[in-house]
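Novice: Everything below, folded, please.
(one chain, ligands or ions: 1)
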Amino acid sequence: MSDNDLIQNLCGTWCSYYKPGKDEELACKGFIVVKQMMRNMVTIPFEKPDESDQARQLLSDSAARLASSLCPVCSFSAEDCDFADRLEGARPCGGFLLLMQFMEKKTVNIDDIRQLL
Ligand code: SF4
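Specialist: As a prediction, this is how the structure comes out:
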């Protein structure tokens, strides 16, 4: 899958911060890890859960583990990510949400993700 297809499938579908046409030189760590993961997985299931399932996942141990491993090494975390700043109601990026779903479905675990950071 090309970078452009990944941007459409991941950022365009999953990320509430994605703005088409914006400079995409700087990618968040969620995107970078998913891109790395594509080298090892035959197919990446991009289907989104419904809102209530995603809300439940955001309260899971998987989300907490991901937030403490992925976000601190993301170039957006220092100034540009409200989720990393723990602002109330802020959503994580699409890459975070997809990786969180993989963890909840036991497709990957946090050690698999840490190896790609
Ligand atoms: S939620 Fe924010 S800090 Fe965490 S990986 Fe995504 S953009 Fe980066």
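Novice: Skip ahead from the longest helix anywhere in the chain and say which helix or strand is next.
Specialist: Using DSSP state H, we find that the single longest helix of the chain is helix 94-104. The helix or strand immediately downstream of helix 94-104 is helix 110-114, counting by DSSP states H and E.
Novice: Does the ligand have contacts with that following helix?
Specialist: No - Helix 110-114 does not reach the ligand (C-beta under 6 Å from any ligand atom); its nearest approach is 10.8 Å. The way it works is simple: take the backbone N, C-alpha and C, and place the C-beta from them, glycine included.
Novice: Put the alpha carbons of that helix into CSV.
Specialist: The C-alpha trace of helix 110-114 is given here as CSV (Å, rounded to 0.1, in the frame of the first residue of the first chain):
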residue,chain,number,x,y,z
ILE,A,110,2.3,-3.3,23.5
ASP,A,111,5.6,-5.0,23.2
ASP,A,112,5.1,-5.5,19.4
ILE,A,113,4.4,-1.7,19.2
ARG,A,114,7.3,-0.7,21.4
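Novice: Check which residues of that helix are buried.
Specialist: By 16 or more other C-beta atoms under 10 Å, the buried positions in helix 110-114 come out as 110, 113.
Novice: Show me what it is packed against.
Specialist: In this structure, helix 110-114 makes packing contacts with helix 61-69, helix 94-104, judged by 3 or more C-beta pairs under 8 Å, 6 or more residues apart in numbering; DSSP states H and E.
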